[in-house]
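>>> Please find the sequence and the predicted model below.
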Amino acid sequence: MEIHETRLKGVHLIKPPTIYEDFRGSYIETYNRRIYRASGIDIDFVQDDISISHRNVLRGLHGDQSTWKLISCLHGKFYLVVANNDPSSLQYRRWEAFTLSDQNRLQVLVPPRFANGHVVLSESAIFHYKQSTEYDRAGQFTLLWNDPDLAIWWPVRDPIVSQRDAGIAA
C-alpha cells in the first residue's frame with residue numbers, strides 16, 4: 001500500500017494494498033481495516049455508496065462537517081476535484097484534481113470540511129466511496145462547480161448537472 005500526501009493538507013492519494021492481474025483478469029483489495037489502520041488511516045467507515053453516471057455528468061461539489069470519504073473508481077474513468085471548505089484553514093477554498101480509473105486503481109481520502117465532485121470522462125463510470133458517517137443530505141454543503149472564486153478547471157465545457165449542482169433550488 002502506498003499513501004501520498006497531496007497539496008491539500010489531510011487529503012491523501014492511495015494505491016490500494018493488493019492489485020493482482022493475470023490472464024483471467026484482476027483482483028483489487030480496495031479496503032482492509034487492519035492494513036489501513038497500520039498505515040495511519042484509523043477511520044471507522046460505516047457506509048458504502050456507489051453512483052453510476054455517463055460521460056460528461058458532473059456530480060458535486062458536496063461535503064459536510066464530519067465525514068471522511070475514501071473514493072475509488074470501480075469502472076471507467078472520472079476527474080475528481082477536492083476543495084477545502086474550512087474557513088479556519090490557511091488553504092480555505094483551494095482545490096486539487098485527480099484522475100481515477102479502473103486502470104490506475106488509485107483512491108483519494110477526503111477529510112471532513114472538504115467538498116468533492118467528479119465528472120465522468122469515459123462512456124460510463126462507477127464512483128465508489130466509503131464514509132465515516134451515515135448520509136445526511138440536510139447536513140451537507142454544496143459549492144458550485146463553476147464558482148468563479150474557486151476557478152476550478154474542468155475537462156468538459158458543458159457538463160450535465162442536477163438542479164442542486166447548478167445552484168437552482170429544488
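On my side now, so go ahead.
>>> Please count neighbours and contacts with C-alpha atoms only from this point.
Noted.
>>> so the spatially most central residue of the chain is in which element?
By C-alpha atoms, centre = their mean, the chain has its centre lying nearest to Ile71, at 4.5 Å. Secondary structure from DSSP states H and E places Ile71 in strand 69-75.
>>> ok, whichever helix or strand comes after that strand: who's next to it in the sheet?
Of the helices and strands lying after strand 69-75 in sequence (DSSP H and E), the nearest is strand 77-84. The strands beside strand 77-84 in its sheet (DSSP bridges) come out as strand 95-101 (antiparallel), strand 114-120 (antiparallel).
>>> So which of those strands is nearest Ile152?
Ile152 lies closest, by C-alpha to C-alpha, to one member of the strands paired with strand 77-84: strand 95-101, at 7.4 Å.
>>> Please name the nearest non-neighbouring residue to Ile160.
Val57 (4.6 Å; C-alpha to C-alpha, 6 or more residues apart in numbering).
>>> now swap in Leu143 and tell me
Using C-alpha to C-alpha, 6+ apart, the closest residue to Leu143 is Leu61 (5.2 Å).
>>> Give me the sheet partners of the host helix or strand of that neighbour and which way each runs.
Leu61 is part of strand 58-63 when elements are defined by DSSP H and E. Using DSSP bridges, strand 58-63 pairs in its sheet with strand 114-120 (antiparallel), strand 141-142 (antiparallel).
>>> and among those strands, the most buried is which?
strand 114-120 (a mean of 26; mean count of other C-alpha atoms under 10 Å).
>>> And for that strand, what's in contact with it?
53-64, 77-86, 110, 141-143, 145, 154, 159 (C-alpha atoms under 8 Å, 6 or more residues apart in numbering).
>>> tilt between it and strand 69-75?
For strand 114-120 against strand 69-75, the angle by axes from the mean of the first three to the mean of the last three C-alpha atoms, to 10 degrees is 10 degrees.
>>> and strand 114-120, how far out from the chain's middle?
6 Å (C-alpha atoms, centre = their mean, to the nearest Å).
>>> Need the residues that contact the helix or strand following that strand.
Once strand 114-120 ends, the next helix or strand along the chain (criterion: DSSP H and E) is strand 124-131. With contacts defined as C-alpha under 8 Å, 6+ apart, strand 124-131 is touched by 45-55, 67-78.
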